[in-house]
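In: sequence? don't have it. structure:
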C-alpha cells in the first residue's frame, strides 16, 4: 500500500509515520507478494442493491401507545434474493454506507433510517459499488479496507485442505459444503440444545465419565446443573497440577449400550421427569414404536392438559433424540483431540409429528421448510402454536430465548444488566479478566471469518486499562517471564508441559521456565511455577527492571496554561481554579522531584519566574507571538517542594492580577507553542483553560456555526477540524511525552472540532462546560470544582505505551480513543489516566479450527508519579464456537452498542452524519435478519430477536436520538462534537448512561431490597422505561443521563416529599435553579440523598443535578431523553420496531 495513502489519516500525506484512530493495521491488510500459497479468501458479505423503502416521516406510522402485532395471516416470508426486482419508476434506489470506506459521491440522503438490503442467499450477480455498507465490496481494492466494517480479513493463513484429509475440528456443514452433499447429515437433534450428549469425546483417558468429567456439548453450551465443558485441552503429556490432567483420547469403538424396554401402561400426569442432566437409555426399534403409540392419546388431550403434555413430551423427546442419534451415521468431523465418531448401522427414524420434530431441533444452521406429515389430520395436529413454542424454549439457553419485540413491552430489566459470562470451564472462568476492564462484543469467538460475516455483528474489544482497582497484585521481580516469540506475558491461560516448560496461549510456542520463576513468593515454596501470582491473576502489575527504560523515569511535571482575557475573567473560573489548586497542591501525584509551572495569555504570553530565592513571583511578558521564545527557561518550571511558597503566592494573586483587564483577544496557538517548548525536555502534562474562540496568531479560528442550521435535518457540517495546526502540535507533543488536557468554559462557539485535536492525538482529555458563569450557572460551577479536584489528585501514568496482543489467527485493524499509533499495534500514551477508555475492532485472519479458546492481552507500560517503571497486564480468555447459535448466545449487546457508537463517530467525520445514522440502523437490521434466517427454524410473524439482543433496537434508537447523532433538534455544534468525543474515549460503563439514561421513581423510596454499604442504606428503585407515560404528576422522578441528572417534580407531587426532601411547603415554592438537595434530618431525605450519592460514586466525574418543574426551561432537555416517545423529527420506539420489521421482511 502506498505510504501517502496510509499516512493521509494523520493529515500529513508526506511519508511521516503519524497515524491515529481510527487507523488501519497495515500489516493486517496489506497484500502478500507472490502467489497465494493455496490460500482461499473468505467471501465477505456484500448485499445487492434493493428497492428503497418509503421515506420515513412523522405521518408514516400512527402515534400513540403500543399496538398489537399484525395478525398471523398478514405475515409474509421474505422473498428470496432471486426474486429481486428493480425499484418502480419515480422511486430512487438507496445505498447503504460503506463504513470507513471512501466518502460517498452521491448526494446526501435523508437522515431517516436507511433502506434494508437483503443478504445474498445464493451466488448473486456482481453487485454495484455500494457506499452505504458495513462490509467491504469485493470489487473494492482489498489492500485498504474501510475503517468501519465488521469483518475484513486477509486470506486465511492455514495450509490448503486436500480432498483426502478430513477437516479439523467439529464445524457446521455450511463451512464445508462438500460434506453436506457427500455424506448423510447428523440428525438435527444432535445440533440442538438437548440434554443428551453429542458424540462420545473424552478429555481424559484415565478418568471414567462421571462427576469428575464435565459433560461436553456440541455448541459449547451445557444444561443447567452441570459443570461447564473443558474448553482448553492439553497435550497428552501436559503438566498442570492445579487442574485435572488430560489424558490421550480413547481409542476403539464406543461402549455398547443395551436397549431397555419402555415403561408399560399409560403415562400419568404425576410422573416425575428425569433430571435435566440424566441420560435416557437407548431404545430398541420396537420400543420406539411403543413410545410413539403411547404419545397419541397425550396429543389428543392437548387443549385440556397442556402442562402435563409439555412435561411428558419433553421427557420422551429426550429419549427419542438419544435413539435417533445412536441409530444414524455420524458425519461429525474429527475433533481436535483426534477422536473419531463411531459409525453405526443406520436405522430409519420413526415418523414424528412436525411440531414435535421442531421441538427436538430448535436451532439448526439454515431455515428448514415446514413439511406436512403423510396421512390426514390427526389428534396430534391439534397442538397449539404456543405449545410448540414452549417446547422449543425448554431446550434453549436463556440468552437464545425468542422474544417478539412487537409484543413484549417491558424489556428493560429492573436493575442494571451484568455483562454475559463466557462459556468457559469453571476454573478458567473464576480467574478470567474483569469485564469492567476487558470486554468483548462477542463472548464466543467465531471459528472462521465467514461465520463472523454471516452473524452480521462487529467483533471488537472494549478496554479500561488504567481503571482504579481495589485489589491489584504487584510483582517485583528481576525476571519478567515472556514468550520468546510473540513477547506475551505469562498469564493464567498458558499451559505447563512440565515444571520446566510452558506453552504460550497466543502463538503456541514452547518456552523454558526460568529458575527464578520456580520460587513462589506468596507461599514461599519452590517447584510450583503454576501457583505464582502471574499465573493465578488475569490482571497483574509488574515493577519493571532497567531493561524496560529508554531513559531514567521522568519526574511528574505539571504545566497550567490559563486564559486571562476579559471573557475569561468575566466567567469567574480563575477564582475557582486558584482556590482548588491551593486546596489540593499537596495532593498532586508525585515525589520530591515534582515540577510545576504556570503560563497565562490573552493577546500576549505571560511567564512566571518562580526561582527559589525570590521574594515574590516575577511576571515576564512576551508580546512577539509570531516567534515565541522562553525568556528564562530554567526558572519557569520549578521543583514544587522547593518553591511551594512562591507557587502559593502566585495562586493567591492571579485572580486580582487581571481583574480589570479589557483585552478581548486570545493567542492560544502561541501559548501552546510556548508550553510545548517548556515541557519538551522532560515531558509531562499540559492543562489548558480556554474560554473563547482563538482569534490571534497561529491557530486562529473563525466561527463556522450557523445558528439557523442547528435544527436542520440535512447533514451537519464542520464536524472535522478547520485547521491541522492543533493536530500537528499534538503529534509533536506526543513525540516528547507531553499530553494536553483541555478545559473549555464558554457560552459561545469555540470550534471544539478543531481545538479537541490537541487532546485527542496526545492522549489527553477534553472537559466542556457550556454557558459557564460563576453567578448565573451555579450547577456548572459545582461540577467544575468537583471535576478539577478529581483531575488534580487522581492517579496518573507518564510516558506510557500500550500494546494489545491476540491469539494467532486474529488481528486488530482499528483503534478508538485518544492516543497516537506509534506502530501497527503500539499506542503511544504520553499520559494515561484511570478515566480513559479504548476500543479496538478485530477480524479473523486464519480459521481457528484447532482451537477451543483464544486469548487477548493488553500490556500497559508506564512511569508512575513516584518514578517507578511499571507494566500492567490484562488477559482475557474466550471460547471458540462453530455455530451461529453460539455466536448469538454470547453477544454482549452493551459492548456492541458502545463499539458501534465509536464507529459511527468516525463515519460522521469521514463521510456524513446521515451515513452514520443509516449504518447504525442497518446494523440492527442485519443482525436480526441473520438471526431470523440462519438461527430460527420456526418462522413466526413479528420482529423476533434472541433474549441477549432484545435491547439492541432500543440502544440503536437511543444512539439516533443521542446528542451526537440526532437531527431535527436544535443542537449546538460544540455540544454535538463534545458528545462524540465522549463516546470515543469514555469507558463503556460510563458511556452507556449517555446513550440510554436510567429513570427512577424516587418519591416512594423504601428500604426493601436496599443495599448496605459502609453502614449506609441505599434504596434500589426499579429502572423505568424512558417514556412520558411512565411519568406521573403525583410523583417525582430521577433521570441519570451519565454526565447530568434531572429530578423531575410533578405538579401534584405529594406534599410530604416536597417538605421532607426538598424542604419547601408546596410545588409553587420549588426554586427554578435548585441544584442541591438540602440535608434534612428525615428518613425520606436521607434515602434520596443516599441513592443519588451512590449513583454519583459509581463514576469518576461529577454529574450535576437539576431540579425541574413542569414549567422549567430545562423541561425540553429532559423530554429529549424520553427515547421511546415520538418527536417531530424522530420515530417512537414502536414505530422504529415497525420500520425494522418492514426492512427485515423484504
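Out: Arrived safely. Keep in mind that this is a model prediction, so the values were computed, not measured.

In: so residue 652 touches residue 578, yeah?
Out: Yes - between residue 652 and residue 578 there is a contact under Cβ atoms under 8 Å: 7.0 Å. Glycine gets a C-beta too; all of them are placed from N, C-alpha and C.

In: for those two, indicate the residue with more neighbours.
Out: More neighbours surround residue 578 than the other of residue 652 and residue 578, with 19 against 12 (other Cβ atoms under 10 Å).

In: before we move on, which element is the more buried one in?
Out: For residue 578, the enclosing helix or strand under DSSP states H and E is helix 573-584.

In: mind checking what helix or strand follows that helix in sequence?
Out: Assignment by DSSP H and E places the next element after helix 573-584 at strand 595-601.

In: counting contacts, what elements does that following strand pack onto?
Out: Using 3 or more Cβ pairs under 8 Å, 6 or more residues apart in numbering; DSSP states H and E as the contact criterion, the secondary-structure elements in contact with strand 595-601 are strand 557-563, strand 605-609, strand 638-639, helix 644-657, helix 668-679.

In: switch to 6 Å and redo it
Out: Strand 595-601 makes packing contacts with strand 557-563 when contacts are defined by 3 or more Cβ pairs under 6 Å, 6 or more residues apart in numbering; DSSP states H and E.

In: hmm, who's touching the next helix-or-strand element following the strand it packs on?
Out: For strand 557-563, the following helix or strand on the C-terminal side (DSSP H and E) is helix 566-571. Among residues not part of helix 566-571, those counted as contacts by Cβ atoms under 6 Å, 6 or more residues apart in numbering are 658, 661-664, 691-692, 745, 772-773.

In: quick one, grab the pLDDT at the nearest residue to residue 948 once chain neighbours are set aside.
Out: Of all residues beyond its chain neighbours, the one nearest residue 948 is residue 399 (4.0 Å), with distances taken as Cβ to Cβ, 6 or more residues apart in numbering. As summarised for this prediction, residue 399 has a pLDDT of 88.

In: which residues does residue 399 contact?
Out: Neighbours of residue 399 in contact, by Cβ under 6 Å, 6+ apart: 889, 947-948.

In: identify the farthest-apart pair in the contacts of helix 566-571.
Out: Taking every pair in the contacts of helix 566-571 and measuring Cβ to Cβ, the maximum separation is 20.6 Å, between 662 and 772.

In: the more surrounded of the two?
Out: For residue 662 versus residue 772, neighbours defined as other Cβ under 10 Å are more numerous around residue 772 (22 against 8).

In: give me the neighbour count for the closest residue to the more buried one other than its chain neighbours.
Out: Across the structure, with Cβ to Cβ, 6+ apart as the measure, the residue nearest residue 772 apart from its sequence neighbours is residue 745 (4.0 Å). Residues contacting residue 745 under the criterion other Cβ under 10 Å number 27.

In: three-state assignment of residue 745?
Out: Using DSSP: H, G, I helix; E, B strand; the rest coil as the criterion, the local structure at residue 745 reads strand.

In: for residue 787, see how far away it is.
Out: With the distance defined as Cβ to Cβ, to the nearest Å, residue 745 ends up 11 Å from residue 787.

In: do residue 1100 as well
Out: According to Cβ to Cβ, residue 1100 and residue 787 sit 9 Å apart.

In: tell me the contacts of residue 1038?
Out: Residue 1038 is in contact with 1000, 1002, 1047, counting by Cβ under 6 Å, 6+ apart.

In: would you mind giving those residues as JSON lines with pLDDT and secondary structure added?
Out: Putting those into JSON lines (pLDDT from 0 to 100; DSSP: H, G, I helix; E, B strand; the rest coil) gives the following:
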{"residue": "1000", "pLDDT": "96", "secondary structure": "strand"}
{"residue": "1002", "pLDDT": "95", "secondary structure": "coil"}
{"residue": "1047", "pLDDT": "96", "secondary structure": "strand"}
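
In: now, of these, which are buried?
Out: Among the contacts of residue 1038, those scoring as buried are 1000, 1002, 1047 (criterion: 16 or more other Cβ atoms under 10 Å).

In: nearest residue to the first one other than its sequence neighbours?
Out: The spatially closest residue to residue 1000, leaving aside those adjacent along the chain, is residue 1021, at 4.4 Å (Cβ to Cβ, 6+ apart).

In: again, but for residue 1042
Out: Counting by Cβ to Cβ, 6+ apart, residue 1042 lies nearest to residue 993, which is 3.5 Å off, once chain neighbours are set aside.
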